[in-house]
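[1] Here is my input, please return the structure:
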Amino acid sequence: MKHRGAILPIVLLVGISGCSVAPEEPGLPSREHNRSDQTSSAYVLTDDGYVAYRDAHANSPKIPPMIVAMIRRHMTAREYRLAMFYCNEYRRDFPSGHQRAEVEYLWIRIGILQYIQTHDDRVAEQTRHTAKAFLALYHHTPYRAKAQTLLVQLRQEQNAHYEQLAQYYAARNKPKAAAFYRAKIRR
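    This next block holds a predicted model:
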């Protein structure tokens, strides 16, 4: 019981000194990060950090570039559904944003990467539809040629997949299934 009086001033001292530090913005680099690496101003934005920042600063002009950064981060991590979520978030919240053409192009790219991963024809059809709409709406954008290239790549990926399936069924003596997949190949 006699140590109780000695502990109280220490707890108060720690509590007071802890309150003197300004809180960090969630998802942004900490001061310690800046001290340890003065040459790098890049930081990794997390989903939780983005959500916390967006809740705290609802009308910040930093939000659209943060969404694009999250799209790219999830694409790199091959987390295509999360990347599409952020594309849709940008579409919903910033329909006339400065990076809208880039986001639409990234959505097409994500769709193709997701198709390559899953070979889901529904994803391919949705991606093809979005790419055609993109080409119709965004005539004067640097992403137009890239989107056209992605459409060709999608067709090549689908054709290769159908040919692989046709060969599989032909090897198993199922000519009707092989013919079905060969008929789906587009030139």
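[2] For Y115, give its distance to G97.
    Using C-beta to C-beta, to the nearest Å, we find Y115 at a distance of 26 Å from G97. In this view, the C-beta of every residue, glycine as well, is placed from N, C-alpha and C.
[3] Look at the two and report which has more neighbours.
    Neighbours were counted for Y115 and for G97 using other C-beta atoms under 10 Å; Y115 has more, 24 against 17.
[4] three-state assignment of R186?
    coil (DSSP: H, G, I helix; E, B strand; the rest coil).
[5] and N59, how many neighbours does it have?
    Neighbours around N59, by other C-beta under 10 Å: 5.
[6] can you point me to the longest helix in this structure?
    Ranked by residue count and defined by DSSP state H, the top helix of the chain is helix 144-171.
[7] what mean pLDDT does it have?
    Across helix 144-171, pLDDT averages out at 95.
[8] packing partners for it?
    If you count contacts as 3 or more C-beta pairs under 8 Å, 6 or more residues apart in numbering; DSSP states H and E, helix 144-171 packs onto helix 100-118, helix 121-137, helix 175-183.
[9] ok, and for that helix, which residues are buried?
    A147, L150, L151, L154, E157, Q158, H161, Y162, L165, A166, Y169 (16 or more other C-beta atoms under 10 Å).
[10] Measure how that helix sits relative to helix 175-183, angle-wise.
    Angle, helix 144-171 to helix 175-183, by axes from the mean of the first three to the mean of the last three C-alpha atoms, to 10 degrees: 170 degrees.
[11] Can you lay out the buried residues of helix 144-171 as TSV showing distance to N59?
    As requested, these are exported to TSV (distance: C-beta to C-beta, whole Å):
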residue	distance to N59
A147	31
L150	34
L151	37
L154	37
E157	41
Q158	43
H161	45
Y162	48
L165	51
A166	54
Y169	57
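[12] Please tell me I have it right and F134 contacts Y105.
    Yes - F134 lies in contact with Y105 (C-beta atoms under 8 Å); the separation is 6.9 Å.
[13] Between those two, which contacts overlap?
    Contact with both F134 and Y105 is made by residues Y143, A147, according to C-beta atoms under 8 Å, 6 or more residues apart in numbering.
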